[in-house]
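Chemist: What shape does this take:
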Amino acid sequence: MEDFKRPEDGKERDIVFSRTIKAGKRIYYVDVKQNRKDELYLAITESKKIVAGTDAVNMTVSFEKHKIFLYREDFEKFQNGINEAIAYIENAQGKAEPRPESNNEDIKIDMEF
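Modeler: Numbers count the residues shown, from 1 in each chain. Take a look at the predicted model:
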């Protein structure tokens, strides 16, 4: 994982902290952003690579992105819901084995607020 570096041109200047989580065909971006009132919030983006076409001539690559914006007043409820959902899955199917291409440090999420 790497820290986000602010570009000099001012783009994305509302991002004050960022982590990238590579997980198989998906990449997750966990960004702490700052709004115009200087309030911090969490933006979670899932990016999935989509390849269309069967040969090199007709192949197109695009990225499907989904975003979630989470505000400070909702952190505890969100964290509780995530923890309950993870516990349910682990009770039903056991803990998942880490992906071979992943480094455990890349996918560790500390949900302490």
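Chemist: any weak-confidence spans in the protein?
Modeler: The chain contains residues with pLDDT under 70 at 1-13, 101-113.
Chemist: quick one: the strands in it?
Modeler: Per DSSP state E, the chain carries strands over the ranges 15-23, 26-34, 40-52, 60-71.
Chemist: Tell me which of those strands lies nearest to residue 95.
Modeler: Nearest to residue 95, of all the strands of the chain, is strand 15-23, at 15.4 Å by C-beta to C-beta. For the C-beta atoms, the positions are set from N, CA and C on the backbone; glycine is no exception.
Chemist: Can you tell me which helices and strands that closest one packs against?
Modeler: Judged by 3 or more C-beta pairs under 8 Å, 6 or more residues apart in numbering; DSSP states H and E, strand 15-23 is in contact with strand 26-34, helix 104-107.
Chemist: Residue 90: neighbour count?
Modeler: The tally of other residues near residue 90 (other C-beta atoms under 10 Å) stands at 11.
Chemist: do you know how far it is from residue 81?
Modeler: Applying C-beta to C-beta, to the nearest Å, the value for residue 90 to residue 81 is 15 Å.
Chemist: Thank you, goodbye.
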